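**Student:** Sequence below, structure please.
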Amino acid sequence: MGSPIPKQFMLLKGKPLLCRTIDAFRAYDVTMPIIVVLPEAQIPIWKALCIGHGFHTEHRIVAGGVERFHSVRNGLAIVEYGIVAVHDGVRPLVSVELIAQCFAAAEEHGAAIPVVAISSSVREVINGTSRAIDRSALRAVQTPQCFRVELLRHAFALPYDPAFTDEATLVERIGERIHLVEGAETNIKVTTPLDLRLAEMLLP
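**Tutor:** Model (predicted):
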């Protein structure tokens with residue numbers, strides 16, 4: 001973003017992105033336990049933001065780790081049972097419908113993630129040479145990634161591997177199949193100033 005402010009704390013129409021993301025899940029289920037995983041140094045900042053913006057949606061806060069793997073594992077440690085969703089804090093426009101579809105698919109299949117088709121041409125680059133890849137066989141992965149809790153715990157019992165990119169990658173390593181749910185183009189991840197401007201346009 002080119003800003004000293006962490007992306008999840010940046011304002012989207014006057015409200016921190018992370019607040020909007022939490023509210024998206026609360027809109028799906030008012031009783032859902034919500035766990036926010038943050039770098040330990042950011043926790044006081046987050047608490048101050050909640051006070052300053054009058055954000056009172058109930059949630060628990062857990063200190064993250066060195067990598068995403070460790071952060072998700074720390075959050076998972078206090079999840080009790082059922083289906084758990086792992087979601088990027090900077091995807092504030094996720095819809096209730098998509099959340100519901102991912103939870104339902106995980107309930108049925110054990111593991112489910114939202115994906116969208118890739119519209120741009122893509123090339124694979126190896127050692128300075130490239131080749132075209134059939135984009136019809138590729139999908140971009142979104143969140144929430146949803147899993148039965150016991151399944152995800154089993155996956156996180158594996159040792160950390162730098163090749164780990166998301167929870168679905170880890171679950172596949174224990175031999176589980178990942179069910180794909182049709183994602184949404186509007187479920188954008190806000191990582192650049194352009195993303196933030198687009199989110200402002202898309203926000204109802």
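**Student:** which element is Ile99 on?
**Tutor:** According to DSSP states H and E, Ile99 maps onto helix 96-109.
**Student:** which helices and strands sit right next to that helix?
**Tutor:** Counting contacts by 3 or more C-beta pairs under 8 Å, 6 or more residues apart in numbering; DSSP states H and E, helix 96-109 is packed against helix 17-28, strand 83-86, strand 111-117, strand 145-148, strand 179-182. The C-beta positions use only the backbone N, C-alpha and C, and glycine is treated the same way.
**Student:** right, so these: which one is the most enclosed?
**Tutor:** Stretch with highest mean neighbour count among those: strand 145-148 (a mean of 26; mean count of other C-beta atoms under 10 Å).
**Student:** Show me what that one pairs with in its sheet, parallel or antiparallel.
**Tutor:** If you go by DSSP bridges, strand 145-148 pairs up with strand 83-86 (antiparallel), strand 111-117 (antiparallel).
**Student:** Now do whichever helix or strand comes after the longest one, average pLDDT.
**Tutor:** Translated: strand 111-117. The helix or strand immediately downstream of strand 111-117 is strand 122-126, counting by DSSP H and E. On average, the pLDDT along strand 122-126 is 92.
**Student:** now stretch 48-68
**Tutor:** 96.
**Student:** Over to stretch 152-167?
**Tutor:** pLDDT averaged over stretch 152-167 gives 93.
**Student:** first to last residue in it, what's the distance?
**Tutor:** 8 Å (C-alpha to C-alpha, to the nearest Å).
**Student:** Now do the buried residues in it.
**Tutor:** Of the residues in stretch 152-167, those with enough neighbours to count as buried (16 or more other C-beta atoms under 10 Å) are Leu152, Ala155, Phe156, Phe164, Asp166, Glu167.
**Student:** Sketch out the low-pLDDT regions of this protein for me.
**Tutor:** For the chain, the stretches flagged by pLDDT under 70 are 1-3.
**Student:** change it to 90
**Tutor:** 1-5, 80, 128, 135-137, 162-165, 204 (pLDDT under 90).
**Student:** Leaving out sequence neighbours, find the closest residue to Ala112.
**Tutor:** Ala105 (3.5 Å; C-beta to C-beta, 6 or more residues apart in numbering).
**Student:** Could you do Pro39 as well?
**Tutor:** Closest residue to Pro39 apart from its sequence neighbours, by C-beta to C-beta, 6+ apart: Gly64 at 5.3 Å.
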